[in-house]
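> 3D model of this:
(chains A and B)
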Amino acid sequence: MTRKQRRLTLIGSGLGVLALAAALVLFALRDSIVFFNSPSDVLERKILAGTRIRLGGLVKPGSLQRGEELRVRFEVTDGKSAIPVAYQGILPDLFREGQGVIAEGALDVGGVFKADSVLAKHDERYMPKEVADALKKTGHWKDDAGAKK
Amino acid sequence: MIAELGHYALVLALGLALIQAIAPIIGAQRRDATLMAVAGPTALAQFVFVALAFAALTACYVVSDFSVVNVFENSHSAMPLIYKFTSVWGNHEGSMLLWVLILSIFGALVAGFGGNLPATLRANVLAVQSWIAAAFYLFILMTSNPFSRFAQPPFEGRDLNPILQDIGLAVHPPLLYLGYVGFSISFSFAIAALLEGRIDAAWARWVRPWTLAAWICLTVGIAMGSYWAYYELGWGGFWFWDPVENASLMPWIAGTALLHSAVVMEKRNALKVWTILLAILTFSLSLIGTFLVRSGVLTSVHTFATDPTRGVFILAILVMFIGGGLALYAWRAPLLKQGGLFAPISREGALVFNNLFLTAACATVFVGTMYPLAYSALTGGVISIGPPFFNLVLGILIVPFLIVQPVGPLMAWKRGDLYGVAQRLVWALALAIVGIAAVFVATGVKGVLAPFGIGLAIFVIAGALTDLIERIGVLRVPFATAWARACGLPRSAWGTALAHAGLGVALLGIVCESNWSSERILAMKPSDQASIGGYDLTFDGVVTRQGPNYRELTARFTVREGGNVIGVMEPSKRSFASRNTSTTEAALLTIGFSQLYASLGDPDDGVIAVRLYHKPLVLLIWLGPVIMMLGGLLSLSDRRLRVGAPKPAKPVLQPAE
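Below is the predicted model:
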């Protein structure tokens, strides 16, 4: 092989791997992007049942109900609208009524959000940034509520 | 007083850094030995002053001086002493101080051991190192001063975030930072080479041990963080593809690529321009990692506070070093002479293949991590990209990478013999096929991914050991001879084999954990029984205890296997009054390399929610990186590679320039 052929082989295989990676990324991105929505967004954007989303807001005080076999129901609110959430499993340590939460899952046909994972904020002066931004948008942001130091 | 001393020491370090950033580089330009000689003492003095500043902050924590804002926010007088030490870096300001401390240690090491470097290279390297240092001192002093005080000191601190009160966390950040910051040395060397417009094999001999040392620390740091997340977050997962985890994975992947391309450059004087680019990219990714973690653009346990000025400042540092480095590269790299031809089928070829896949993998992780940020910056919408993306993309990219991995080290330099290598690997392939068949027999035909993954892992491990076994002559020669040969092998040969085998071991653990774990979530009353993975657990009841700065509710489980008690598990929930938060402390029962895992949910009048896992061979996931670390350490201790001893014993045959 001449120097030129060798270089071409090298460049060719490099481009090949890059193309493979790019194709994979594009293919995988299609299915794995999950959009974040506040309860108002869910209602406004008319999100279809079965679409995976992240739902973020505050756990509505007084809405938490515990059922058999670790089933729980609670409502996530942004002050304007509220969406009922159903979840089975152990809630995170920092899950409290009146505090920030993000649930991932999909709406069912009855309008209940079936969550397969629930994330709570990390400590009392910290709130998931997405939740804080969503609350600021709806005007339900209280400065003493956390987030800022 | 102590805090002020620390503050003052940090300002002095900044002053020294500015001198060191300018004087030696002018000296190197003018060949002025006096100016170049400034670099050594200033690097050592910088280290002394930063160490002083760090010691001052530590002292404030140890005596619980709550008049210092940083101590008030992250410490508590009742906290155990060990956590008073670790909370020094369990917060934004302190961790940045740790960052510059490690940076100054590396600077001082280059100054101390760099006596046999060419004088201009040494001066330029130390100057570049000092640019980085100066930027970060400024960052700390202007936006994140750990030494600021209250006018009216409070009586008690707010405590460290409870989930950070753990011994795993004591070791994780320093190791990770040693890795991140260690790559700054490769960066400085790359920039110095570009400034001088020349680069040779001696350069690679210098860069390789530093890169290796940084890589070892990063490997262990990442493994440590993963194990911490596994037992502390209570979800039983070992990797979440969280952006913050990706932030440490990207420099690791790029660093691994750099490590391998530096070998080609050292041995064959080829891939120079590429190696320089990788050195710049690796440190750039470390900086991006710091930016992602520290700027507050991401939601995570690592984001201590969100202050926009910090984000902008770090972004400016990022633009300066990455942009500047790449611009310099574009301008000066064409000056570097190309050398060393090789056929595509050769060890160089295999290493290029390794580099291609590693950079492609790194790029995909980068896309997955940054896409949500770019999306929200451009459209204002918030999205997240989860594990399915990364599992799919990397799962496919890593397969060819792993298949070629055992082939590379068996290949000759310059022109290799693929058929010969394939013959030598036949037994590894046979073992892999036996493994695949065994899995099919044991679990039935449910899917092809798990058996194939096991087979690949066996192939990687066996393939990595092939070279060693052949050279030692295991089973062919008497034991004494084999032992003598094993001792006589270069340590770098052991290092390569172990590091490669370690990856296989980790893969074995990952495949087992993700395919054959069992999980049960249940509500249990005292004396209830549950069985999982062939073990029976009896819930004996709960007790409450008082810890130093928390109360804990501990549940006791007796574990039986076939009626015999084999252990007791005591998962607990701790509540920290100072922060009004609680943490879950999972209980682990190790059986061989497998583990039983129990974590608690909320207690509700006598009934307690429990999450149980059986994780077969899960410990291999972290044993793999430990083996990789050992391989790295052996390689590092090889006479030819030792840090600070870059000159080979024999004169190398190299054409005079």
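> all strands for the stretch 451-600 of chain B, in order.
Using DSSP state E, counting those that start in this stretch, the strands of the stretch 451-600 of chain B run over B:518-524, B:529-532, B:535-546, B:551-561, B:564-569, B:572-576, B:581-585, B:587-591, B:594-604.
> oh, I was asking about chain A
In chain A, the strands defined using DSSP state E lie at A:33-37, A:52-59, A:65-66, A:71-77, A:82-88, A:100-107, A:113-120.
> is it possible to export the ones you listed to CSV including mean pLDDT, mean neighbour count and distance to chain B?
Using the backbone N, CA and C atoms, a C-beta is placed for each residue, glycine as well. Formatted as CSV, the strands of chain A follow (pLDDT from 0 to 100; neighbours: other C-beta atoms under 10 Å in any protein chain shown; distance: least, C-beta to the nearest C-beta, whole Å):
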stretch, mean pLDDT, mean neighbour count, distance to chain B
strand A:33-37, 85, 20, 4
strand A:52-59, 87, 24, 6
strand A:65-66, 86, 14, 7
strand A:71-77, 90, 20, 10
strand A:82-88, 92, 19, 8
strand A:100-107, 88, 22, 8
strand A:113-120, 86, 19, 9
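> wait, which of those strands is closest to B:Gly435?
Of all the strands of chain A, the one in closest proximity to B:Gly435, counting by C-beta to C-beta, is strand A:113-120 (33.2 Å).
> point out the other helices and strands that that closest one packs with.
Helices and strands touching strand A:113-120, by 3 or more C-beta pairs under 8 Å, 6 or more residues apart in numbering or on different chains; DSSP states H and E, are strand A:82-88, strand A:100-107.
> could you identify the longest helix within chain A?
Using DSSP state H, we find that the single longest helix of chain A is helix A:3-32.
> in terms of residue numbering, what are the domains of chain A?
A:1-33, A:35-145 (automatic domain parsing).
> could you tell me the end-to-end distance of stretch B:59-68?
In stretch B:59-68, first residue to last residue: 11 Å (C-alpha to C-alpha, to the nearest Å).
> from B:Asn564, how far off is B:Gln595?
19 Å (C-beta to C-beta, to the nearest Å).
> out of these two, name the residue with the larger neighbour count.
Taking other C-beta atoms under 10 Å in any protein chain shown, B:Gln595 and B:Asn564 do not tie; B:Gln595 has more neighbours (23 against 7).
> what sits opposite the more buried one in the beta ladder?
B:Thr590, B:Lys615 (DSSP bridges).
> switch the strands of the stretch 451-600 of chain B over to JSON lines; also include mean pLDDT.
Shown next, in JSON lines, are the strands of the stretch 451-600 of chain B (pLDDT from 0 to 100):
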{"stretch": "strand B:518-524", "mean pLDDT": "88"}
{"stretch": "strand B:529-532", "mean pLDDT": "91"}
{"stretch": "strand B:535-546", "mean pLDDT": "90"}
{"stretch": "strand B:551-561", "mean pLDDT": "91"}
{"stretch": "strand B:564-569", "mean pLDDT": "92"}
{"stretch": "strand B:572-576", "mean pLDDT": "87"}
{"stretch": "strand B:581-585", "mean pLDDT": "81"}
{"stretch": "strand B:587-591", "mean pLDDT": "92"}
{"stretch": "strand B:594-604", "mean pLDDT": "86"}
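> got the contact list for stretch B:607-616?
A:70, A:89-90, B:234, B:236, B:512-513, B:516-525, B:530, B:532-535, B:537, B:539, B:542, B:555, B:571, B:594-603 (C-beta atoms under 8 Å, 6 or more residues apart in numbering or on different chains).
> can I get the buried ones among these as something I can paste into ChimeraX?
Selecting only the buried entries of the contacts of stretch B:607-616 in ChimeraX, with 16 or more other C-beta atoms under 10 Å in any protein chain shown as the criterion:
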select /A:70,89,90 /B:234,236,512,513,516,517,521,522,523,524,530,532,533,535,537,539,542,555,571,594,595,596,597,598,599,600,601,602
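> identify the residue spatially nearest to whatever residue of the stretch 501-650 of chain B ends up closest to chain A, adjacent ones excluded.
The stretch 501-650 of chain B approaches chain A most closely through B:Gly601 (3.4 Å), counting by C-beta to the nearest C-beta. Leaving out its chain neighbours, the residue that sits closest to B:Gly601 by C-beta to C-beta, 6 or more residues apart in numbering or on different chains is B:Ala609, at 2.9 Å.
> helix/strand/coil for that neighbour?
Assigned with DSSP: H, G, I helix; E, B strand; the rest coil, B:Ala609 falls in the strand class.
> the one 4 residues further on too?
Of the three states, B:Tyr613 takes strand under three-state DSSP.
> just the pLDDT at it, thanks.
pLDDT, B:Tyr613: 92.
> got the contact list for the residue nearest to it when sequence neighbours are not counted?
Excluding the flanking residues, the one nearest B:Tyr613 by C-beta to C-beta, 6+ apart is B:Tyr597, at 4.1 Å. By C-beta under 8 Å, 6+ apart, the contact set of B:Tyr597 is B:231, B:236, B:586-588, B:612-615.
> list buried residues within those residues.
B:231, B:236, B:586-588, B:612-615.
> most centrally placed residue in the chain?
Went with chain A since none was named. Computing the C-alpha centroid of chain A and ranking residues by C-alpha atoms, centre = their mean puts A:Arg54 first, at 2.8 Å.
> was after chain B, sorry
B:Leu218 (2.4 Å).
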